[in-house]
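Student: Sequence first, then the predicted structure, then my questions.
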Amino acid sequence: MDVKDSNGTLLNAGDSVMVIKDLKVKGTSVTLKRGTIIKNIRLTSDEEEIECNADKVKGLVLKTCFLKKA
């Protein structure tokens with residue numbers, strides 16, 4: 001299974017990614033701002049989603065269409 005970011009670059013477990021659009025996190029008042037770096041991602045069984053931990057929110061699942069490899 002190949003997991004790709006918004007630019008088509010392959011992502012691997014442990015990579016760092018950058019958010020390319022402001023994202024509101026459901027269930028919290030936190031917004032991930034554009035340009036936020038998220039380190040040490042984990043791949044899921046779905047090739048369009050990754051798991052990660054951001055500064056203020058733990059256990060996030062993000063769509064790869066809003067990310068680019070840093």
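Tutor: Good, I have the coordinates.
Student: The residue nearest in space to the middle of the chain pairs with what?
Tutor: In the chain, the centroid-proximal residue (CA atoms, centre = their mean) is residue 62; its distance is 4.6 Å. Legend: beta-bridge partners of residue 62 under DSSP bridges are residue 50.
Student: Quick check: it touching residue 46?
Tutor: No. The criterion here is CB atoms under 8 Å, and residue 62 misses it with residue 46 at 11.3 Å. (C-beta placed from N, C-alpha, C; glycine too.)
Student: Residue 60 is in contact with residue 53, correct?
Tutor: Yes. Applying CB under 8 Å as the test, residue 53 and residue 60 come out as touching, 6.8 Å apart.
Student: which residues are common contacts for these two?
Tutor: residue 38 (CB atoms under 8 Å, 6 or more residues apart in numbering).
Student: one step back: let me see the contact set for the residue nearest to the centre of the chain.
Tutor: 19, 23, 38, 49, 50, 52.
Student: which phi and psi does the third one have?
Tutor: Listed backbone geometry of residue 38 is phi -120, psi 120, with angles given as degrees, to the nearest 10.
Student: And the pLDDT for the residue nearest to it when sequence neighbours are not counted?
Tutor: By the measure of CB to CB, 6 or more residues apart in numbering, the closest residue to residue 38 outside its immediate chain neighbours is residue 52, 4.8 Å from it. According to the model's per-residue confidence, residue 52 sits at a pLDDT of 96.
Student: Now do the contacts for residue 52.
Tutor: Under the criterion of CB under 8 Å, 6+ apart, the contact partners of residue 52 comprise 17, 38, 40, 41, 42, 60, 62.
Student: Turn those residues into a markdown table, including secondary structure, distance to residue 32 and pLDDT.
Tutor: Supplementary listing: the contacts of residue 52 in a markdown table, determined by DSSP: H, G, I helix; E, B strand; the rest coil; distance: CB to CB, whole Å; pLDDT from 0 to 100:
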| residue | secondary structure | distance to residue 32 | pLDDT |
| --- | --- | --- | --- |
| 17 | strand | 11 | 97 |
| 38 | strand | 8 | 96 |
| 40 | coil | 16 | 96 |
| 41 | coil | 14 | 96 |
| 42 | strand | 17 | 96 |
| 60 | strand | 8 | 94 |
| 62 | strand | 8 | 96 |
